[in-house]
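> Using only what follows, build the 3D model:
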Amino acid sequence: MRAYLLLLLIAAAATYLMTPVARWCALRWGAITAVRSRDVHSIPTPRLGGLAMWAGIMVGLLMASRLPFLQDVFDNPRPIIGIAAAATMVCALGVADDIWDLDWMTKLVGQVLAAFVMAWQGLTLYQLPIDGVIVGSSRVWLGLTVLTVVVAMNAVNFVDGLDGLAAGLIAIGGTGFFLYSYQLTREGSPGDYSSLATLIIALLVGACIGFLPHNFNPARIFMGDSGSMLIGLVIAAAGIQVTGQIDLAVVNTRQSFPAFLPILLPLAVLLLPLLDMGLAVIRRVGSGKSPFHPDRMHLHHRMLALGHSHRRAVVILYVWTAVFTGAATALVWFSTTAVLVGLGLGVVAALLLTLGPLRGRTPGPPETPRHASGPHPLPDHGPRTDLR
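Coordinates of the predicted model:
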């Protein structure tokens with residue numbers, strides 16, 4: 001555990017220190033988020049924060065490769081190379097979009113290619129931890145892997161709409177994922193706690209924590225598509241890796257339900273992003289528009305419409321993520337009944353925060369709202385289509 005926490009702190013420190021450099025690059029290269037009618041930020045703000053997050057993860061990987069504790073993980077370098085290469089590809093793609101405003105098809109092709117590279121290097125789904133289901137068709141699993149990664153990237157991209165929202169959600173959800181993966185490793189190999197999934201999620205949580213001080217309201221920099229696609233890819237990579245890590249033979253009777261956790265926990269971490277993306281697609285298609293047509297009906301827009309301030313809306317969405325991720329993680333240690341009771345209490349508390357008397361109590365000084373990542377041009381050049 002200490003080695004993982006050390007690497008988490010290294011990734012956080014590297015990201016924190018590199019974020020001002022990324023901000024300087026954004027100002028120099030013209031990667032500035034302009035203010036448009038559908039956005040909630042009020043002043044142009046530099047993006048490219050994903051560059052700093054990428055640097056934090058890469059520094060963490062480099063340091064991890066020097067630790068004897070993780071030597072077994074690096075003895076098979078292909079999955080690590082696949083994650084690093086795919087992360088670099090999507091970060092570069094996001095940087096290009098943040099600067100030049102790429103069309104949605106170009107970004108989608110780039111996302112598919114990055115996911116394919118990661119799968120090609122061996123990080124691919126090959127079983128479902130449900131009674132040991134294994135499907136023989138490698139093509140089916142390859143396609144499912146690519147689809148999973150692309151959906152995760154775009155889900156995070158959709159939800160990244162308030163200062164600190166996406167980074168905070170992934171940091172909170174990723175912490176639960178980290179605890180689960182570490183516990184799973186301890187049970188599966190009592191003499192060796194090294195795990196690629198645990199390493200990757202620890203570095204991701206560190207990168208998000210290191211970026212938050214610069215990104216929380218009022219944000220000095222946005223993560224941009226370079227960040228939202230990066231963290232979506234990495235959380236998907238950790239989820240894919242952990243599906244092959246579980247050994248049903250070592251899962252005790254009380255933990256028979258947690259055998260499903262390799263599927264359930266990533267969904268819990270990405271619940272709000274996936275919900276936001278799904279509702280957006282249904283809403284837009286139902287109104288006869290393209291699913292990529294932008295609007296002001298995302299979850300964070302609805303929170304602001306309920307009367308919550310910018311910061312309070314973000315914190316409440318943090319609470320929702322903590323409730324569902326915490327419940328999924330708790331299944332490892334507690335009975336299903338106890339977890340369901342705790343989940344029910346958590347949902348009630350989150351509902352009271354969301355719909356209760358706090359609504360409309362906006363603090364005195366005006367805040368600086370914003371819209372975080374995504375394909376945002378400098379000026380508005382008329383109608384356009386994006387992934388948001």
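> Tell me, what's the model's pLDDT at Ala197?
Ala197 carries a pLDDT value of 89.
> just Tyr126 next, same as before
The model's pLDDT for Tyr126 equals 69.
> again, but for Gly56
97.
> ditto for the one 3 residues further on
According to the per-residue confidence, Val59 scores 97 in pLDDT.
> which element is it on?
Val59 is part of helix 49-64, with elements assigned from DSSP states H and E.
> For that helix, list every residue counted as buried.
Residues of helix 49-64 classed as buried by neighbour count (16 or more other CB atoms under 10 Å): 49-61, 63-64. (C-beta placed from N, C-alpha, C; glycine too.)
> hmm, which two among those residues are most spread apart?
Spatially, the most separated pair among these is Gly49 and Ala64, at 22.7 Å (CB to CB).
> tell me the phi and psi of Phe222?
Main-chain dihedrals, Phe222, degrees, to the nearest 10: phi -100, psi 160.
> hang on, I meant Pro46
Dihedral pair for Pro46: phi -70, psi 150, per degrees, to the nearest 10.
> Report the contact partners of it.
Contacts for Pro46 (CB atoms under 8 Å, 6 or more residues apart in numbering) come out as 23, 26-27, 31-33, 220-222.
> Which ones among those lie within strands?
Judged by DSSP state E, the contacts of Pro46 include 32-33 as members of strands.
> quick one: which of the contacts of Pro46 has the most company?
Neighbour counts for the contacts of Pro46, by other CB atoms under 10 Å, peak at Phe222, which reaches 33 neighbours.
> From Thr148, how far out is the closest residue to that residue other than its chain neighbours?
The shortest distance from Phe222 to any non-neighbouring residue, by CB to CB, 6 or more residues apart in numbering, is to Arg47 (4.1 Å). Using CB to CB, to the nearest Å, we find Arg47 at a distance of 26 Å from Thr148.
> ok, now Gly94?
19 Å.
> circling back to that earlier point, and Arg47 and Thr148? which has more neighbours close in?
Arg47 (30 against 20).
> Any buried residues in the longest helix anywhere in the chain, and which?
In the chain, taking DSSP state H as the definition, the longest helix is helix 2-29. For helix 2-29, the neighbour count (16+ other CB under 10 Å) marks 3-4, 6-8, 10-16, 18-19, 22-23, 25-26 as buried.
> What of stretch 310-324?
Quick answer for stretch 310-324 (16+ other CB under 10 Å): 310-314, 316-318, 320-324.
> where exactly do the helices run in the stretch 101-250 of the chain?
Taking DSSP state H, counting those that start in this stretch, the helices of the stretch 101-250 of the chain run over residues 104-120, 138-159, 165-188, 196-215, 224-243.
> Now render these as CSV, adding distance to Ala349.
As requested, the helices of the stretch 101-250 of the chain are exported to CSV (distance: least, CB to CB, whole Å):
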stretch, distance to Ala349
helix 104-120, 36
helix 138-159, 21
helix 165-188, 15
helix 196-215, 23
helix 224-243, 25
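> mind checking which of the ones you listed is nearest Leu279?
Between Leu279 and these, the shortest gap by CB to CB is with helix 138-159, which sits at 9.4 Å.
> So for the closest one, what gets flagged as buried?
141-142, 144-146, 148-159.
> same thing with stretch 327-334?
By 16+ other CB under 10 Å, the buried positions in stretch 327-334 come out as 327-332, 334.
> where's the closest residue to Gln183 other than its chain neighbours relative to Trp320, distance?
The shortest distance from Gln183 to any non-neighbouring residue, by CB to CB, 6+ apart, is to Val332 (5.3 Å). Distance from Val332 to Trp320, counting by CB to CB: 21 Å.
> For my notes, please list the buried residues of stretch 327-334 in CSV and give pLDDT, distance to Thr185 and secondary structure for each entry.
Output for these, formatted as CSV (pLDDT from 0 to 100; distance: CB to CB, whole Å; DSSP: H, G, I helix; E, B strand; the rest coil):
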residue, pLDDT, distance to Thr185, secondary structure
Ala327, 88, 21, helix
Ala328, 85, 17, helix
Thr329, 87, 14, helix
Ala330, 87, 18, helix
Leu331, 82, 17, coil
Val332, 80, 12, coil
Phe334, 85, 19, coil
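> Out of those residues, which is nearest to Cys208?
Cys208 has its nearest neighbour among the buried residues of stretch 327-334 in Thr329, at 17.1 Å by CB to CB.
> which residues does that closest one contact?
Shown in contact with Thr329 (CB under 8 Å, 6+ apart): 176-177, 179-180, 265.
> For it, which non-adjacent residue is closest in space?
By the measure of CB to CB, 6+ apart, the closest residue to Thr329 outside its immediate chain neighbours is Gly176, 3.9 Å from it.
> Count the residues that sit near the one you found.
24.
> Leu352 is nearest to which of the helices of the stretch 101-250 of the chain?
Checking the helices of the stretch 101-250 of the chain against Leu352 by CB to CB gives helix 165-188 as the closest, at 19.1 Å.
> Buried ones in the closest one, by neighbour count?
Neighbour counts using 16+ other CB under 10 Å place 165-185, 188 of helix 165-188 among the buried residues.
> Kindly report the same for stretch 336-344.
So for stretch 336-344, counting by 16+ other CB under 10 Å, buried means 339, 343.
> Please work out the average pLDDT along it.
The average pLDDT for stretch 336-344 rounds to 91.
> So what's the gap between it and the chain middle?
25 Å (CA atoms, centre = their mean, to the nearest Å).
> Equivalent analysis for stretch 334-341, please.
Counting by CA atoms, centre = their mean, stretch 334-341 comes out at 26 Å from the chain centroid.
> before we move on, the earlier item: now render the contacts of Pro46 as TSV, adding distance to Arg78 and pLDDT.
Putting the contacts of Pro46 into TSV (distance: CB to CB, whole Å; pLDDT from 0 to 100) gives the following:
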residue	distance to Arg78	pLDDT
Arg23	35	95
Ala26	33	94
Leu27	38	93
Ala31	33	88
Ile32	39	86
Thr33	37	75
Arg220	38	92
Ile221	34	94
Phe222	33	93
